[in-house]
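**Student:** dropping the sequence and predicted coords here.
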Amino acid sequence: MSDPPRAPGVLAGSFEAGTDGPAAAVPVALDLYRLLVESVRDYAIFHLDPEGYVASWNIGAERIKGYRADEIIGKHFSTFYPEGDKDKPPLELKGAIETGRYEDEGWRVRKDGSRFWASVVITALREPNGTLVGFAKVTRDLTERRMGELRAIEDTKRVAAIEAANRTRLEFVSALSHELRTPLNAIGGYADLLLIGVRGTLTDQQREDLERIRRSQQHLLLIINDLLNYSRIDAGRIHYDVAPVPILEVVDNVGPIIDVMAVNKQITLERDGCSPDLVANADRTKVEQILLNLLSNSIKFTPSEGRIRIFCGRLGNQVSVSIEDTGIGIPSERLEQVFEPFVQLGRSLTSAQEGTGLGLAISRELARAMGGDLTAVSEPGAGSTFTVTLPSV
């Protein structure tokens, strides 16, 4: 048998003992409703009279706003608004009267003066004949959500500022590089012309001076190119053309350049284990750049009559190329520093080493961007081994 229809606002099964109709259940229903409202802790639920003065107070209101009922009942609800928002309360009541309901979010003030972000709903309460008897006000504390939103906004602004700074820096370095390259290329060109005797036969001293000019010009171009490359990497403006790359071919391509550098310094260059079946999934030009950086770095810090060995292999699902030298080595506690930009552990006022300190930083960034890595092991006086790993095909 179906349950009898409920009278509006009455809870089923709420009849008092000794009664026989819904009308007798109304007091019980009202008591339960009052108990329900007064027990809610997550929402401030209270009644305002038609003028906006607090007429009731639940436990949620006490928890959120900090006032006990005897401290706040009879006071105007504008008490909860910051000084700069004291004009809001009458406008909110006006909106609720005109449309029946007003919603808002904003800062409110607790008894102790602290602020919280509140979601507020004000509902006009009327008699059946339309007479306004007051307002129901429900407030929820959304401070945690609001702070999360503000943090997200700040993070977005911070990221945008970083991106703008990166763009500005890249544009500056690019413009500076262009302005510097033009005269440097002219210096190199004129030095070459003089070296080949366009202006006549040179004395040994003149030839030596021109060679120094040429080396200095090439060194400055290297610095400019490193700065530009690092700025592009840092700004995420490097394009990678990833495809199968036979490691042996890359080693063979950089060989002639490195061979000349090794011969000039009387360094023995060895190759081992770079078989044709070692193929990386990478950008060929970037891999060549990494190996040139590593090999030239090893030659720079390896004394004359030293040895450099290139050997290849596999590490799990990656291929590896290692450069082992008999150079000066690096203290273990400073090993990671060599991968930081502008760091040169071997440089001193009396050192003949040249460079920007960007080669290893650039090489590691390039390797990691292609899904690999660049690591090193070393010991002072016993040389270093730098290993680049790249995803295999």
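**Tutor:** Ah, there it is. Just so you know, these numbers come straight off a predicted model, no measurement behind them.
**Student:** tell me how far the lengthiest helix in the chain lies from the chain's centre.
**Tutor:** As assigned by DSSP state H, the longest helix anywhere in the chain is helix 143-195. Averaged C-alpha coordinates place helix 143-195 at 17 Å from its chain's average position (Cα atoms, centre = their mean, to the nearest Å).
**Student:** and that helix, what does it pack onto?
**Tutor:** Here helix 143-195 touches strand 115-126, helix 204-234, going by 3 or more Cβ pairs under 8 Å, 6 or more residues apart in numbering; DSSP states H and E. In this view, the C-beta of every residue, glycine as well, is placed from N, C-alpha and C.
**Student:** out of these, flag the one nearest V319.
**Tutor:** Ranking the helices and strands packed on helix 143-195 by their distance to V319 (criterion: Cβ to Cβ) puts helix 204-234 first, at 22.3 Å.
**Student:** in the stretch 201-350 of the chain, which spans are helices?
**Tutor:** 204-234, 247-264, 284-300 (DSSP state H, counting those that start in this stretch).
**Student:** which of those sits most buried?
**Tutor:** With neighbours defined as mean count of other Cβ atoms under 10 Å, these peak in mean count at helix 284-300, which reaches a mean of 21.
**Student:** any chance of the helices of the stretch 201-350 of the chain in TSV, plus mean pLDDT and distance to E379?
**Tutor:** What follows is these, written out as TSV (pLDDT from 0 to 100; distance: least, Cβ to Cβ, whole Å):
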stretch	mean pLDDT	distance to E379
helix 204-234	82	27
helix 247-264	88	22
helix 284-300	91	15
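**Student:** figure out which of these is closest to V121.
**Tutor:** helix 204-234 (49.5 Å).
**Student:** quick revisit: now the helices of the stretch 201-350 of the chain in JSON lines, with distance to E105?
**Tutor:** Converted to JSON lines, those look like this (distance: least, Cβ to Cβ, whole Å):
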{"stretch": "helix 204-234", "distance to E105": "40"}
{"stretch": "helix 247-264", "distance to E105": "60"}
{"stretch": "helix 284-300", "distance to E105": "51"}
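**Student:** of those helices, which approaches L358 most closely?
**Tutor:** L358 sits nearest to helix 204-234 of all the helices of the stretch 201-350 of the chain, at 4.2 Å, using Cβ to Cβ.
**Student:** taking helix 284-300 as reference, get the angle to that closest one.
**Tutor:** Inter-element angle recorded for helix 204-234 and helix 284-300: 130 degrees (by axes from the mean of the first three to the mean of the last three Cα atoms, to 10 degrees).
**Student:** now the angle between helix 143-195 and helix 204-234, please.
**Tutor:** Using the same axes, to 10 degrees, helix 204-234 lies at 160 degrees relative to helix 143-195.
**Student:** centre of the chain to helix 204-234, how far?
**Tutor:** That offset, for helix 204-234, works out to 35 Å (Cα atoms, centre = their mean).
**Student:** in terms of secondary structure, what does it contact?
**Tutor:** Helix 204-234 is packed against helix 143-195, helix 359-369, with contacts defined by 3+ Cβ pairs under 8 Å, 6+ apart.
**Student:** grab the most central residue of this structure for me.
**Tutor:** The centroid of the chain falls nearest to V159 when counting by Cα atoms, centre = their mean (7.1 Å).
**Student:** sorry, back to before: quick one: closest of the helices of the stretch 201-350 of the chain to G329.
**Tutor:** Judged by Cβ to Cβ, the one of those that comes nearest to G329 is helix 284-300, at 11.4 Å.
**Student:** quick one, that closest one and helix 359-369 angle?
**Tutor:** Computed by the same axes, to 10 degrees, the angle separating helix 284-300 from helix 359-369 equals 150 degrees.
**Student:** so how far is helix 284-300 from its chain's centroid?
**Tutor:** Relative to the centre of its chain, helix 284-300 is centred 29 Å away, using Cα atoms, centre = their mean.
**Student:** run the angle between it and helix 247-264 for me.
**Tutor:** Calculated by the same axes, to 10 degrees, helix 284-300 forms an angle of 30 degrees with helix 247-264.
**Student:** now what about helix 284-300, what contacts it?
**Tutor:** Contact with helix 284-300 is made by 240-241, 243, 245, 247, 250-251, 253-254, 257-258, 261-262, 265, 267, 280, 308, 310, 321, 323, 325, 327, 353-355, 359-360, 362-363, 366-367, 370, 374, 384, 386, 388, 390, as judged by Cβ atoms under 8 Å, 6 or more residues apart in numbering.
**Student:** just want the phi and psi numbers for L132.
**Tutor:** Main-chain torsions, L132, degrees, to the nearest 10: phi -70, psi 130.
**Student:** wait, what's in contact with it?
**Tutor:** L132 neighbours (Cβ under 8 Å, 6+ apart): 50, 97, 124-126.
**Student:** flag the shaky bits of the protein, pLDDT-wise.
**Tutor:** 1-39, 342-357 (pLDDT under 70).
**Student:** let's go with 80 and repeat that
**Tutor:** For the chain, residues meeting the criterion pLDDT under 80 lie at 1-40, 166-167, 169-171, 173-178, 218-219, 222-223, 225-237, 273, 341-357.
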